[in-house]
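S.K.: predicted coordinates and the sequence they were generated for:
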Amino acid sequence: MDFNPKKRTSNIFMLVSAFIIVSLILWNTNSFFKKFKEEERLKMENWATAQSELLQSTVDQELGNLTLKVLGNNTTTPMILQNEDGSIKTHNMPEELIGDSTYVKKKMRQFSNENKPIIIEDRGEKLATLYYGNSEVLNKLKYYPIALLLIIFLFGAVIYFLLKTNKISDQNKLWAGMAKETAHQIGTPLTSLLGWNELLKTENINPEVTKEIEKDISRLQTITERFSKIGSTPELKEHDIVHETEKAYEYLKRRSSKLVHFSFSSNIDKLPILLNPPLYNWSIENLVKNGIDAMRGKGSIAIQVEKNGSNVHIMVTDTGHGIPKGDFQNIFNPGVTTKKRGWGLGLSLVKRIIEEYHKGKIKVLSSNKEGTIMQISLKINA
């Protein structure tokens, strides 16, 4: 694993800085909310004092201009005034609901939870109780931290997505470059082998020997072609999916252990599909080899081609130890492997070949202790 102390320190500093900034914003917002709430409480206490003067004015004195101004200026805070005789007056609330006693009682309970009711009294005598809720501005301010956190979260998610996409793009370029370089390196000795094989044909050599060498050279050419196509858009042409699948099956069957029993079946004789044969055959080979590894070189491999509506399904079944259900998706990620050796790139390449190049789907159809079924689905040409 590549370890860069400076990069790690920089990332930690950025995370700590972001945490501090968000914490300061939330703390400042909370302080402002509390201060605003205290000022609103003071305003309501002044209103309650003015209301007390109003309740006493008909008996003791006439109202002054300041009292009338205090009572008239409060047009935003919802209030319910309950007099000692049980009568109720509402302020800054929907007029159509004022006559609904159930609604008013519900609001009184809500306002009591939001703010402590104010007792209006005169000379120790209780005149009324004032219930008041948070103003519209205060309610909006209450949800501001949540909105702020949501914005920060979305912003962070976008940055993470961009960084991850950029990282994946760099990784893809690296793997593509390595694959093309591998194809280039194989090409040089391959050309030499072709020449040596032609030379052997002129000698008194058993023809079966040169024929087998030609098969291996052809195999190396196929491998070179596969690696050269990684990172570029392969050309897709109509090919018989049954024939191509059976061809990959026959190749693997001839070169596998006698302890592995192979079977092939298809519910159709021929079906043209847009394919890149070298890459498609590579996918089948990878799935079969994974199955053989899962069986530890002994068991049964079945390949089945099945037409189903507008799709054709290719199932590769093994009798191996199975895959945990929680890993059905993970096994297609680069670097994930259940084997003691290997880089965990086989199924990742298969997924890319099938889904990105052939616009199909691959998944673990089922898996248990008795074996695994991998399914490739491809669209039938319209």
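M.R.: Perfect, thanks for sending it.

S.K.: pretty sure residue 378 sits against residue 273.
M.R.: Yes: if you go by Cβ atoms under 8 Å, residue 378 and residue 273 touch, sitting 5.6 Å apart. Every residue, glycine included, has its C-beta placed from N, CA and C.

S.K.: return every residue with contacts to both of these two.
M.R.: Shared contacts of residue 378 and residue 273 (Cβ atoms under 8 Å, 6 or more residues apart in numbering): 241, 312.

S.K.: show me the domain layout of this structure.
M.R.: 5-142, 167-227, 234-379 (automatic domain parsing).

S.K.: for these, which has the smallest mean pLDDT value?
M.R.: Ranked by mean pLDDT, the domains of the chain bottom out at domain 167-227, with a mean of 73.

S.K.: skipping adjacent residues, who's closest to residue 256 in space?
M.R.: The shortest distance from residue 256 to any non-neighbouring residue, by Cβ to Cβ, 6 or more residues apart in numbering, is to residue 292 (6.5 Å).

S.K.: did I read that right, that neighbour in a helix?
M.R.: Yes: Residue 292: assigned to a helix according to DSSP: H, G, I helix; E, B strand; the rest coil.

S.K.: so which of the domains of the chain is the most surrounded?
M.R.: With neighbours taken as mean count of other Cβ atoms under 10 Å, the domains of the chain reach their highest mean count in domain 234-379, at a mean of 17.

S.K.: mind checking the end-to-end distance for that one?
M.R.: Taking Cα to Cα, to the nearest Å, domain 234-379 runs 17 Å from one end to the other.

S.K.: got it, and stretch 236-244?
M.R.: Terminal residues of stretch 236-244 lie 14 Å apart, using Cα to Cα.

S.K.: distance from the chain centre to it, please.
M.R.: 34 Å (Cα atoms, centre = their mean, to the nearest Å).

S.K.: outside of it, which residues touch it?
M.R.: Stretch 236-244 has contacts (Cβ under 8 Å, 6+ apart) with 266, 268-277, 280-281, 305, 312, 314, 357-358, 378, 381.

S.K.: repeat that for 10 Å
M.R.: With contacts defined as Cβ atoms under 10 Å, 6 or more residues apart in numbering, stretch 236-244 is touched by 246-247, 264, 266-281, 284, 305, 307, 312, 314, 357-359, 376, 378, 380-381.

S.K.: next step: these restricted to strands.
M.R.: 264, 266, 272-275, 305, 307, 312, 314, 376, 378 (DSSP state E).

S.K.: in three-state terms, label residue 362 for me.
M.R.: The assignment at residue 362 comes out as strand when based on three-state DSSP.

S.K.: which residue is the nearest non-sequential neighbour of it?
M.R.: Ranked by Cβ to Cβ, 6+ apart and with sequence neighbours excluded, the top spatial neighbour of residue 362 is residue 354, at 4.6 Å.

S.K.: same question, residue 247
M.R.: With sequence-adjacent residues excluded and distances taken as Cβ to Cβ, 6+ apart, residue 247 is closest to residue 281, at 6.8 Å.

S.K.: same thing with residue 316?
M.R.: Spatially, and ignoring its direct neighbours in sequence, residue 316 is nearest to residue 287 (4.3 Å; Cβ to Cβ, 6+ apart).

S.K.: quick check: that neighbour touching residue 376?
M.R.: Yes: between residue 287 and residue 376 there is a contact under Cβ atoms under 10 Å: 7.9 Å.

S.K.: now do the shared contacts for those two.
M.R.: Shared contacts of residue 287 and residue 376, counting by Cβ under 10 Å, 6+ apart, come down to 314-316, 350, 362.

S.K.: on that earlier part again, now do the contacts for the residue nearest to residue 316.
M.R.: Neighbouring residues of residue 287 by Cβ under 10 Å, 6+ apart: 248, 252, 301, 303, 314-318, 346-347, 350, 362, 372, 374-376.

S.K.: 8 Å instead, please
M.R.: Residue 287 makes contacts with 316, 350, 374, 376, as judged by Cβ under 8 Å, 6+ apart.

S.K.: kindly report the same for residue 358.
M.R.: 236, 274-276, 279-280, 378.

S.K.: the same query, at a cut-off of 10 Å, please.
M.R.: Going by Cβ under 10 Å, 6+ apart, residue 358 touches 234, 236, 273-276, 279-280, 283, 352, 376-379.

S.K.: same list, these, but as TSV with distance to residue 195 please.
M.R.: Formatted as TSV, the contacts of residue 358 follow (distance: Cβ to Cβ, whole Å):
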residue	distance to residue 195
234	29
236	33
273	37
274	36
275	32
276	29
279	28
280	31
283	32
352	35
376	39
377	44
378	39
379	43
